[in-house]
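> Please work out how this folds:
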Amino acid sequence: MAQNDSRLPSDSSPPTRKRRSTGSSEIGQILNDPLMLQKLGDRVYRMYVEDLHKHHERSNSYGGDF
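Predicted coordinates:
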């Protein structure tokens, strides 16, 4: 398994305003580094899947599918 890269936020840390203000040089570094780009894509995918699960749970609590 690859070593954690300190330039990417860890999965366990909550979102903060500071992390959202990524500079264009940091974005360029991520886009030019295949490993960092893969890690970012994996994280976005996990967040998307988690959001889908939460949405499904919310819709079930309102009576399920219509």
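> The chain: helices as residue ranges?
Secondary structure of the chain, counting by DSSP state H: helices at 17-20, 24-32, 34-61.
> what comes up buried for the longest one?
Right, the one you point to is helix 34-61. If you call a residue buried by 16 or more other CB atoms under 10 Å, then helix 34-61 has these buried ones: 36, 39-40. C-betas here are computed from N, CA, C, even on glycine.
> looking only at pLDDT, what's the mean for it?
In this model, helix 34-61 has a mean pLDDT of 92.
> what's the angle between that helix and helix 24-32?
90 degrees (axes from the mean of the first three to the mean of the last three CA atoms, to 10 degrees).
> elements contacting helix 34-61?
Using 3 or more CB pairs under 8 Å, 6 or more residues apart in numbering; DSSP states H and E as the contact test, the elements touching helix 34-61 are helix 24-32.
> Kindly export stretch 34-47 (C-alpha atoms) in CSV.
This file holds the C-alpha atoms of stretch 34-47, laid out as CSV (Å, rounded to 0.1, in the frame of the first residue of the first chain):
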residue,chain,number,x,y,z
PRO,A,34,-0.6,10.2,-11.3
LEU,A,35,-0.5,8.6,-7.8
MET,A,36,-1.9,11.7,-6.1
LEU,A,37,-4.6,12.0,-8.9
GLN,A,38,-5.5,8.4,-8.3
LYS,A,39,-5.8,8.9,-4.6
LEU,A,40,-8.0,12.0,-5.1
GLY,A,41,-10.2,10.1,-7.5
ASP,A,42,-10.5,7.2,-5.1
ARG,A,43,-11.5,9.6,-2.3
VAL,A,44,-14.1,11.4,-4.4
TYR,A,45,-15.6,8.0,-5.4
ARG,A,46,-15.8,6.9,-1.8
MET,A,47,-17.5,10.1,-0.8
